[in-house]
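In: Sharing a sequence plus its predicted fold:
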Amino acid sequence: MKNIRMKIARVGEDLSQAQLAEKVGVTRQTIGMIEAGKFNPSLQLCVTICKILNVTLNDIFWEEENV
Amino acid sequence: MFKRKVVDEREKMEMYKIEHYGFWLVFWGLLISIFVQMIAFDASFKEIGAEWIVFMCMAIGSGVAYGKAGHYDYYTEPGLKSSLIYATVFTIIFEVAFGLYFYINDMYYNLMGLAITIVIATVFMFFTILIFLLVTGKVIAKRRKKLEEDFEEDI
């Protein structure tokens, strides 16, 4: 499932995939795959992404049942 | 120069996956290669020795590592049922292979003798594998319990 909320949060912080990837310490492909729902990141990586995007885990990684 | 890995967790996982497939390809490839050389070309231990050593290193090394981490296999839990299944499957594979080896290379006096030898070897091999698997299963179950206790909650 695509992670639209992460994409919105990233754009909200005015960051490109490449910039976010550099801040997190992963490749751009990894960020792209997380946003596309093709890769499930570890909790540690989720937390790092959340800290950089100034959001909580719930904001971008929690899936509502009816979503 | 190569002190720090430059791959992230996704790349690492993908690389592990590739290495996983590579490992099993080499593992089964080596086993098949050894059997084919023995059965079809009557190869001596001298000829297949290096492959055999590599194969055994892989088998023993991964087996010990699995055991230490408390793993058994992907599809079954340690116990009588899984041990019976594996013992039956491996006995059939090995005995068919060895039967073919003796038959193709004319290493028998008469066919009945060969059949009796294979039947005896089958029974012996089945119970050897079964006992080995049951003991291994017990050891792994014990190891799992120990690992669980290491991370048990205090309250």
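Out: Right, received. Where do you want to start?
In: hey, let's count contacts and neighbours off CA atoms from now on
Out: OK.
In: Spatially central residue (nearest the centroid) of chain A, please.
Out: By CA atoms, centre = their mean, chain A has its centre lying nearest to A:Met6, at 4.3 Å.
In: and the nearest residue to that residue once chain neighbours are set aside, what element?
Out: Counting by CA to CA, 6 or more residues apart in numbering or on different chains, the nearest residue to A:Met6 once its immediate chain neighbours are dropped is A:Ile60, at 5.2 Å. Assigned by DSSP states H and E, A:Ile60 belongs to helix A:57-61.
In: What helices and strands are in contact with that helix?
Out: In terms of contacts (3 or more CA pairs under 8 Å, 6 or more residues apart in numbering or on different chains; DSSP states H and E), helix A:57-61 is packed against helix A:4-12, helix A:43-53.
In: A:Glu35 is in contact with the residue nearest to the centre of chain A, correct?
Out: Yes: A:Met6 is within contact range of A:Glu35, at 6.5 Å (criterion: CA atoms under 8 Å).
In: Contact partners for the residue in chain A that chain B sits nearest to?
Out: Across chain A, the shortest distance to chain B (CA to the nearest CA) belongs to A:Val26, at 5.2 Å. A:Val26 makes contact with B:7-9, according to CA atoms under 8 Å, 6 or more residues apart in numbering or on different chains.
In: want to throw the residues you listed into CSV with neighbour count, distance to B:Phe55 and pLDDT?
Out: Shown next, in CSV, are these (neighbours: other CA atoms under 10 Å in any protein chain shown; distance: CA to CA, whole Å; pLDDT from 0 to 100):
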residue, neighbour count, distance to B:Phe55, pLDDT
B:Val7, 13, 30, 90
B:Asp8, 14, 31, 91
B:Glu9, 15, 30, 93
